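Student: quick one, what's the 3D model for this:
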Amino acid sequence: MKKLSFILCSLSLICFISCGDDLPEADLAYDGENADAPFLVAGTYQACAKFTSTQTSSLSGRNIGTVDYYFTNLPQRAEVKIYGEGTNNAPGNQLYSSDVTLASDTGWNTHTVGQDVEITGGDIWICMEIRHDSEINTIGCDGGPANADGDWTFSDLDNEWQSFRQRTNQNVSINWNIRASAR
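Tutor: Next up, the predicted model:
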């Protein structure tokens, strides 16, 4: 675990500035303009934004219509995942999943959710699962500071949900460039 934190911390500070990319409007978002994308060692990760009842209650009864995400470089595999309410530190049941590997490009991407995923007024986790076989920076983030629920990360290297701040020993404070709109 310490080795993973050290590697992520060491590699995550390199930035790529995004010019001319319009920030998509969204009902559920913590992030600002893309500022960088942390380098991650080979593996499978989920970068997530957890939206609590404070953010979702006004959207109750509507469905998630689109998920927007930013890629600096393309991962080997990419999947949009939406989870329902779980615990304070982990999502609940998976409500939706769609492989977007071939539909993704660098910059902002918009995925139209292909089935009804109702916003119930409880917590909802909007995630991007990415996989790559070598160290690369893929999933974009803003320049921070982090919202308490804007930087959740799961890694197959340790099978734990943690904020990116925790994974980098509080050295990196960002929000993932992941957002959703209701319909």
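Student: when you work out contacts or count neighbours from here on, use the C-alpha atoms and nothing else.
Tutor: OK.
Student: can you map out the strands along the chain?
Tutor: For the chain, the strands defined by DSSP state E occupy 39-40, 43-51, 64-71, 77-83, 94-99, 107-112, 124-132, 136-137, 152-155, 160-163, 178-182.
Student: sheet partners, orientation included, of the fifth one?
Tutor: According to DSSP bridges, the neighbouring strands of strand 94-99, each with its direction, are strand 77-83 (antiparallel).
Student: can you give me the buried ones in the partner strand?
Tutor: Using 16 or more other C-alpha atoms under 10 Å as the test for burial, strand 77-83 gives Arg77, Ala78, Glu79, Val80, Lys81, Ile82, Tyr83.
Student: and the angle from it to strand 107-112?
Tutor: 50 degrees (axes from the mean of the first three to the mean of the last three C-alpha atoms, to 10 degrees).
Student: show residues contacting strand 77-83.
Tutor: Outside strand 77-83, the residues that touch it by C-alpha atoms under 8 Å, 6 or more residues apart in numbering are 67, 91-101, 104, 111, 124-132.
Student: which among those residues count as buried?
Tutor: 67, 91-92, 96-98, 100-101, 104, 111, 124-132.
Student: tell me who's in contact with the residue lying farthest from the centre of the chain.
Tutor: Distance from the C-alpha centroid of the chain, by C-alpha atoms, centre = their mean, peaks at Gly61 (23.5 Å). For Gly61, the contact set (C-alpha under 8 Å, 6+ apart) comprises Glu118, Ile119, Thr120, Gly121.
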